[in-house]
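>>> Predicted structure and sequence below. I'll ask about it afterward.
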Amino acid sequence: MNNGKTLVELEHVSQVYATGRKRFYAVQDINLNIHEGEFVCLLGPSGCGKSTLLRLITGLQRPTEGRIGYRGQELQGVNPYASIVFQTFALFPWLSVQENVEVALKARGVPPKIRTARALDLLDRVGLDGFENAYPRELSGGMRQKVGFARAMAVEPELLCLDEPFSALDVLSSEALRGELLELWLDGKIPTKTILMVTHNIEEAAEMADRLIIMGTSPGRVIAEVEVDLPHPRHRKAPQFLKLIDHIYAILAGQTQPEPVEMGTAPGKPGITRWLPQIQISDLVGLLEHLSESSQPTYDIYQLTEDFGADSDLVLRLIDTAELLGFVRVGQGDVMLTPLGETFSEASILTRKEIFSTRIRRLPIFQWLMNMLHLAENQSLKRDVVRAAIELELPPADAEKQLNTIIEWGRYGEVIAYDDETETIMLEPLVGHSMATG
C-alpha cells in the first residue's frame, strides 16, 4: 500500500519529435508523482502518449523538456531500479523458458548458481513449475507472457512497468493472468515496491489499480487523476464498481461542445486541427442502430462496451465520430441520439450516404481537402501530395492513418473518389444527390 514515499517524480515533462521544421508533442507538460506501494495505471485512448511516458520513466528515452526524478535524484540513462514488460512477449525463441528468465540476470552479472535458483523460484511463483525446459513455441500466449513477467521480476525491480501486458491475449487468458498478477502483488510475492501499468482498457484499470492517471490526446496530457479505494477482489457487477466505471467514461468522453468547438479547424489554420477518429463506417452504423433500438432516451456509455463486446477504446472512438457528425450528444457518461442520428439510423442505404456526405462536407478537414482538389489540375491530386500536406502537422505514421480514414469516409459519402492503381484522389461531381440537410 502507498506509504507516502515518492519513488518517481515528473516535473513539466514533454517529449517532442521533429520532422523537418515541424515539432510534434507526444506528451506535453506532464507533472506526476508515483509513490511506493502504489499500483498506478496510465489510462487513455490510443495515441495519448502512455507508452512514451512509460519509456521516459524507465529511462529508455530522455525527455525533450522537463525533469524526471527517481528517489529524489534526476534520472540519468536507463533506470536500474525499473523493469518493463511489453505487450508482445519478446522472448528469445532459441532459449528455454528458464534461460529466457536467466538472460536478464546474466546481463546484470549475477553468478550462474544464484540466477538459476532465482529463475526457478520465480517460474514457480508465476505457475510455470515444470515448464523450465520448454521453448516459447510450446507455450500458450498466456504462458509466454508469464515468462515475460518472471524475466522482468528476476532483477527484483523496485518499479515494475507494464505496457499493455494483456492486450495480445485472448479474453480468458488475459482475465486469468490479471487475477494471478494481482494475487502475487497483494500477497507480497513479487519483489517490487510499485507497479505502473499502461492500458486503454477502462475495466482492466479499474479492476487492478489504486490510482488512475487519465490522459487525453492532441497533445498527450494528464486530464484527471482518480483514486480507487475499492477493496480487492473487485466485482465488475458491484454498484460501486459500475459507478466508478461510469465516472471514468464521463471523464474520457467529456460532453458535447458547440459545433465550432467540436469541428475544430483545418490544417494550417489557427486553432486545434480536428482529425478524424480511426473507425470503420460499418461499426458506426452498428452503434447508431443499437442506440435507435433502445427504449431509453439515454444510454450509459460503459454499457455499450458490454453490448458490443468491444473494448472501451473502440467504443469511445465511435461515440467521438457520432458526436462529430452531429448524430449523438454526450454528457455525464451518457450518450443519446439526436434527431439527425435517429433519421440516419432509420434511413435507407442511399439516404444514409447522402446524410453522411452532407455532414462530412461541413468538417474543416474535408473543406480543406476539397478546396485543394478544386484548385488542382483535373481536380485531382496524387496521394503523396496530400499526405505530405498532412505531415506538416502529424508524424508520418499518423499522417498515413489519417489519410486512409479521410479516403474511406470520402468514398463512402461520395465526396471524393480514389484510384488505387494510380494512387490519385479526385473530386466527385455533385450529381445525383438530394443532399439531406442537418
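Sure thing, it's come through.

>>> Helix, strand, or coil at the residue sitting nearest the centre point of the chain?
Nearest residue to the geometric centre of the chain (Cα atoms, centre = their mean): residue 46, 2.5 Å. The three-state assignment at residue 46 reads coil, by DSSP: H, G, I helix; E, B strand; the rest coil.

>>> how much space is there between it and residue 26?
Between residue 46 and residue 26 the distance, using Cβ to Cβ, to the nearest Å, works out to 13 Å. For every residue, glycine as well, the C-beta is placed using N, CA and C.

>>> Over to residue 239?
Between residue 239 and residue 26 the distance is 38 Å, computed by Cβ to Cβ.

>>> so what's the residue nearest to the centre of the chain up against?
With contacts defined as Cβ atoms under 8 Å, 6 or more residues apart in numbering, residue 46 is in contact with 200, 278, 313.

>>> same thing but at 6 Å, please
Taking Cβ atoms under 6 Å, 6 or more residues apart in numbering as the contact definition, residue 46 lies against residue 313.

>>> Can you report phi and psi for it?
For residue 46, the backbone dihedrals are phi -60, psi 140 (criterion: degrees, to the nearest 10).

>>> How about residue 330?
According to degrees, to the nearest 10, residue 330 has phi -130, psi 140.

>>> which residues in the stretch 251-400 of the chain form strands?
299-300, 328-331, 334-337, 380-382 (DSSP state E, counting those that start in this stretch).

>>> meant to ask about the stretch 1-150 of the chain, not that
Here the stretch 1-150 of the chain has its strands, by DSSP E, counting those that start in this stretch, at 6-19, 22-35, 39-43, 65-70, 73-74, 82-85.

>>> Could I get those in CSV, plus columns for distance to residue 174 and mean neighbour count?
As requested, these are exported to CSV (distance: least, Cβ to Cβ, whole Å; neighbours: other Cβ atoms under 10 Å):
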stretch, distance to residue 174, mean neighbour count
strand 6-19, 26, 17
strand 22-35, 24, 17
strand 39-43, 15, 26
strand 65-70, 30, 17
strand 73-74, 36, 9
strand 82-85, 13, 23
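
>>> can you put those strands in a markdown table and add mean pLDDT and distance to residue 336?
Formatted as a markdown table, those follow (pLDDT from 0 to 100; distance: least, Cβ to Cβ, whole Å):
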| stretch | mean pLDDT | distance to residue 336 |
| --- | --- | --- |
| strand 6-19 | 88 | 37 |
| strand 22-35 | 87 | 33 |
| strand 39-43 | 94 | 25 |
| strand 65-70 | 92 | 41 |
| strand 73-74 | 89 | 49 |
| strand 82-85 | 85 | 40 |
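
>>> who wins for proximity to residue 127 among those strands?
strand 82-85 (15.9 Å; Cβ to Cβ).

>>> Contacts for that closest one next, please.
58, 148, 149, 152, 155, 157, 159, 160, 161, 162, 165.

>>> Show me just the buried residues among those.
With neighbours counted by 16 or more other Cβ atoms under 10 Å, these contain buried members at 58, 148, 149, 152, 155, 157, 159, 160, 161, 162, 165.

>>> which residues does the fifth one contact?
Shown in contact with residue 155 (Cβ under 6 Å, 6+ apart): 83, 104, 108.

>>> quick check, nearest of those residues to residue 223?
Distance to residue 223, by Cβ to Cβ, is smallest for residue 83 among the contacts of residue 155, at 28.2 Å.

>>> give me the beta-bridge partners of the closest one?
Under the criterion DSSP bridges, residue 83 forms beta bridges with residue 160.

>>> Could you list the domains of this protein?
Under automatic domain parsing, the residue ranges defining each domain of the chain are 6-251, 260-346, 358-427.

>>> How about residue 409, nearest residue that isn't a chain neighbour?
Of all residues beyond its chain neighbours, the one nearest residue 409 is residue 360 (5.7 Å), with distances taken as Cβ to Cβ, 6 or more residues apart in numbering.

>>> who's in contact with the one you found?
For residue 360, the contacting residues are 366, 409, 413, by Cβ under 6 Å, 6+ apart.

>>> Distance of residue 388 relative to residue 340?
In this structure, residue 388 lies at 35 Å from residue 340, with Cβ to Cβ as the measure.

>>> do the same with residue 426
For residue 426, the distance to residue 340 under the criterion Cβ to Cβ works out to 28 Å.

>>> ranges for the helices of the stretch 51-200 of the chain?
With DSSP state H, counting those that start in this stretch as the definition, the stretch 51-200 of the chain shows helices at residue ranges 97-107, 112-125, 141-154, 171-186.

>>> Format the domains of the chain as CSV; extra columns: distance to residue 352.
Supplementary listing: the domains of the chain in CSV, determined by distance: least, Cβ to Cβ, whole Å:
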stretch, distance to residue 352
domain 6-251, 26
domain 260-346, 6
domain 358-427, 9
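
>>> from what I can see residue 417 touches residue 425, true?
No: with contacts defined as Cβ atoms under 6 Å, residue 417 does not count as touching residue 425, sitting 7.6 Å away.

>>> So between those two, which is more surrounded?
residue 425 (26 against 15; other Cβ atoms under 10 Å).

>>> For that one, what is the enclosing helix or strand?
Element membership for residue 425, per DSSP states H and E: strand 424-427.

>>> which residues does residue 335 bridge with?
On DSSP bridges, the residues paired with residue 335 through beta bridges are residue 299, residue 330.
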